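S.K.: Model the following, please.
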Amino acid sequence: MELSPLEVQIRILPTTPGVYQYYDKDHKLLYVGKAKNLKKRVSSYFTKNHDSYRIKSMVKKIVTIEHIVVETEMDALLLENSLIKNRNPRYNIMLRDDKTYPWLCIKKERFPRVFLTRRMIKDGSEYYGPFSSVKTVRALLDLIKGLYPLRTCKYDLIADKINAGKYKVCLEYHIGNCAGPCENLMSETAYAENIDNVRNIVKGDYKNASKHFESQMMEFASNMQFEDAQRIKEKLEILQKYQSKSTVVNSKITDVDVFSLISDETHAYINYLQLSHGAIVRSHTLEIKKKLEETDQELLEIAIIELRQRFNSQCKEVYVPFEVKLGDQIKVTIPQLGDKKKIVDLSLRNAKFYRQEQFKTIKIVDPDRHVKRLMAQMKADLRLDEEPVHIECFDNSNIQGTNPVAACVVFKNGKPSKKDYRNFNIKTVEGPDDFASMEEVVHRRYRRLLEEGEPLPLVVVVVLLLLITC
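M.R.: The predicted model follows:
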């Protein structure tokens with residue numbers, strides 16, 4: 001039974017975490033969703049009987065399915081939120097309001113405040129996150145406030161006003177939560193050191209904080225204050241489990257285009273990620289058929305120009321895995337470490353998955369073309385004069401030097417030919433001699449093929465395990 005184009009798209013989906021996007025016949029975005037297992041989640045829309053009229057109506061309109069592969073479920077959750085807010089799909093109703101995921105902000109001001117926010121304001125302040133839940137941010141803030149006395153008031157603590165005695169310490173000072181910078185009871189240098197420590201914690205470098213907690217915990221325990229020691233231990237566990245990094249949403253990476261390329265003998269696959277305000281808002285993969293001996297650099301340069309024109313990108317900077325020439329108007333960055341490198345790696349991962357999916361599609365829709373392409377690739381990789389349409393593989397085994405046996409598996413036209421599989425009992429070799437056993441098996445196999453006039457394989461693979469003891 002011939003599969004429909006939509007059924008083929010579902011069958012080739014990966015089983016990794018990611019975000020899926022449904023489009024109608026006019027390529028208008030209908031819906032964006034997240035999944036721990038893309039194939040399983042998307043398949044459920046087409047195999048279940050839905051009670052909701054909204055879902056039934058949407059499923060009838062789906063013509064194309066696109067997806068973006070990510071590393072974790074949290075990244076899928078954050079990417080879904082970003083795409084919904086930027087693309088406004090018709091059938092998404094949960095995330096269209098102004099709410100977004102929480103961030104931790106270190107405000108740009110004298111004696112900076114540290115607080116939770118859902119809105120990013122471009123005033124030079126530092127934003128860390130986003131976080132998948134407010135609970136995580138509040139636990140982190142409690143942890144920070146327990147370590148360092150930071151102010152929570154919104155006073156304008158410029159030096160002139162403090163020296164003039166305009167402000168008075170509040171209850172937070174008297175209960176030990178603030179060191180009173182409003183009355184010059186804490187220097188700006190000492191406060192800045194605390195903020196540096198806070199930055200290290202939210203970045204994941206909590207070595208100094210961990211040492212502080214551990215010493216506190218041991219001190220409480222030695223003084224028989226076990227409840228206080230347990231409280232510190234719980235904070236230490238929260239600190240050790242804390243992770244602030246997200247690949248798909250990162251405030252440090254603003255408006256930029258990301259490109260990556262993977263190629264084989266006949267085609268190149270270029271993935272494009274568009275980032276706006278620190279979040280991925282679009283992903284697209286382009287397939288290019290090679291005509292001559294084009295280099296990867298030439299193919300990527302062509303694809304970048306095509307994709308930026310197609311999606312009307314105005315970004316002044318691009319991230320790529322290797323050097324390309326795009327003129328003086330566009331800054332080209334080749335990340336080596338950190339978050340920028342991670343976003344290029346994510347793009348490359350999506351390009352690889354797209355290539356695999358194209359192979360799967362060809363295998364389903366046009367098996368003969370898939371075999372021809374597979375044979376051509378193997379011929380090139382193994383540097384053969386002919387396509388390896390017949391391959392045989394040998395392996396042998398024994399039980400602690402006794403009962404030696406061997407097996408031969410056969411592949412024809414890229415597929416296992418199980419009717420040609422053979423098992424062998426070793427007849428002429430005594431003891432655990434893998435080399436002699438393999439010699440016997442290979443000799444018996446091809447002597448028989450010659451006697452029977454059967455064709456010989458173009459490639460023979462022999463598996464031998466060599467153990468060296470010192």
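
S.K.: from here on, contacts and neighbour counts on C-alpha atoms
M.R.: Noted.

S.K.: What's the mean pLDDT across stretch 236-251?
M.R.: Averaged across stretch 236-251, pLDDT comes to 59.

S.K.: Please apply the same query to stretch 201-217.
M.R.: Per-residue pLDDT over stretch 201-217 has a mean of 74.

S.K.: Kindly report the same for stretch 316-334.
M.R.: Averaged over stretch 316-334, pLDDT sits at 86.

S.K.: buried residues in it?
M.R.: By neighbour count on 16 or more other Cα atoms under 10 Å, the buried set for stretch 316-334 is Glu317, Val318, Tyr319, Val320, Pro321, Val324, Val332, Thr333.

S.K.: Could you work out the most separated pair of these?
M.R.: Farthest-apart pair in the buried residues of stretch 316-334 is Glu317 and Pro321; separation 13.6 Å (Cα to Cα).

S.K.: residues contacting Arg355?
M.R.: Contacts for Arg355 (Cα atoms under 8 Å, 6 or more residues apart in numbering) come out as Tyr269.

S.K.: meant to ask about Lys360, not that
M.R.: By Cα under 8 Å, 6+ apart, Lys360 lies in contact with Ile12.

S.K.: ranges for the strands of the stretch 301-450 of the chain?
M.R.: When secondary structure is read from DSSP state E, counting those that start in this stretch, the stretch 301-450 of the chain shows strands at 317-319, 331-333, 390-399, 402-412, 415-416, 422-425.

S.K.: Any idea which of these gets closest to Val460?
M.R.: The minimum distance between Val460 and these falls on strand 390-399, with 5.0 Å, by Cα to Cα.

S.K.: center of this structure, which residue is that?
M.R.: In the chain, the centroid-proximal residue (Cα atoms, centre = their mean) is Glu71; its distance is 3.0 Å.

S.K.: Show the average pLDDT along the longest helix along the chain.
M.R.: Counting residues, the longest helix found in the chain (DSSP state H) is helix 338-365. The average of the pLDDT scores along helix 338-365 is 84.

S.K.: now swap in stretch 23-43 and tell me
M.R.: Average pLDDT, stretch 23-43: 89.

S.K.: before we move on, what about stretch 88-95?
M.R.: On average, the pLDDT along stretch 88-95 is 70.

S.K.: Please give the centre-to-centre distance between stretch 425-434 and its chain.
M.R.: Taking Cα atoms, centre = their mean, to the nearest Å, the mean C-alpha location of stretch 425-434 is offset from the chain mean by 49 Å.

S.K.: picking up where we left off before, where's the residue nearest to the centre of the chain relative to Arg110, distance?
M.R.: Per Cα to Cα, to the nearest Å, Glu71 is found 38 Å from Arg110.

S.K.: try Ile62
M.R.: For Ile62, the distance to Arg110 - Cα to Cα - is 54 Å.

S.K.: How about Gln9?
M.R.: With Cα to Cα as the criterion, Gln9 and Arg110 are 55 Å apart.

S.K.: again with Ile232
M.R.: To Arg110, Ile232 is 30 Å away according to Cα to Cα.

S.K.: what does Gln356 give?
M.R.: As defined by Cα to Cα, Gln356 lies at a distance of 53 Å from Arg110.

S.K.: residues contacting the nearest residue to Ala221 once chain neighbours are set aside?
M.R.: Nearest residue to Ala221, sequence neighbours excluded (Cα to Cα, 6 or more residues apart in numbering): Ala229, at 5.7 Å. Shown in contact with Ala229 (Cα under 8 Å, 6+ apart): Gln216, Met217, Met218, Glu219, Phe220, Ala221.

S.K.: so where does Ala229 fall, helix or strand?
M.R.: According to DSSP states H and E, Ala229 maps onto helix 226-241.

S.K.: That helix: what's the following helix or strand?
M.R.: Heading C-terminal from helix 226-241 (DSSP H and E), you reach strand 256-263.

S.K.: Could you tell me the angle between that next one and helix 338-365?
M.R.: Put simply, strand 256-263 runs at 50 degrees to helix 338-365, going by axes from the mean of the first three to the mean of the last three Cα atoms, to 10 degrees.

S.K.: rewinding a little: what about Gln9 and Arg110, which has more around it?
M.R.: Gln9 (19 against 15; other Cα atoms under 10 Å).

S.K.: who touches the more buried one in this structure?
M.R.: Per Cα under 8 Å, 6+ apart, neighbours of Gln9: Thr64, Ile65, Thr361.

S.K.: Over to Arg110. Which of the three states is it?
M.R.: coil (DSSP: H, G, I helix; E, B strand; the rest coil).

S.K.: likewise Ile280?
M.R.: Counting by three-state DSSP, the backbone at Ile280 sits in strand.

S.K.: pretty sure it contacts Ile84?
M.R.: No. Using Cα atoms under 8 Å, Ile280 is not in contact with Ile84; the gap is 10.9 Å.

S.K.: These two: which has the busier surroundings?
M.R.: More neighbours surround Ile280 than the other of Ile280 and Ile84, with 27 against 20 (other Cα under 10 Å).

S.K.: List the beta-bridge partners for that one.
M.R.: Per DSSP bridges, residues listed as beta-bridge partners of Ile280: Leu275.

S.K.: Look at it and report its pLDDT.
M.R.: Model confidence at Ile280, given as pLDDT, is 77.

S.K.: quick revisit: redo the contacts of Gln9 as a markdown table? Include neighbour count and distance to Val198.
M.R.: Below are these laid out as a markdown table (neighbours: other Cα atoms under 10 Å; distance: Cα to Cα, whole Å):
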| residue | neighbour count | distance to Val198 |
| --- | --- | --- |
| Thr64 | 18 | 46 |
| Ile65 | 18 | 43 |
| Thr361 | 18 | 50 |
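
S.K.: what's the closest of those to Ala179?
M.R.: Ile65 (56.1 Å).

S.K.: Which strand residues bridge that closest one?
M.R.: Assessed by DSSP bridges, Ile65 has beta-bridge partners Tyr22.

S.K.: so who does it touch?
M.R.: Neighbouring residues of Ile65 by Cα under 8 Å, 6+ apart: Leu6, Gln9, Ile10, Tyr20, Gln21, Tyr22, Tyr23.

S.K.: three-state assignment of Phe213?
M.R.: Phe213 ends up helix, using three-state DSSP.

S.K.: my guess is it contacts Leu236, does it?
M.R.: Yes. Using Cα under 8 Å, Phe213 is in contact with Leu236, at 6.4 Å.
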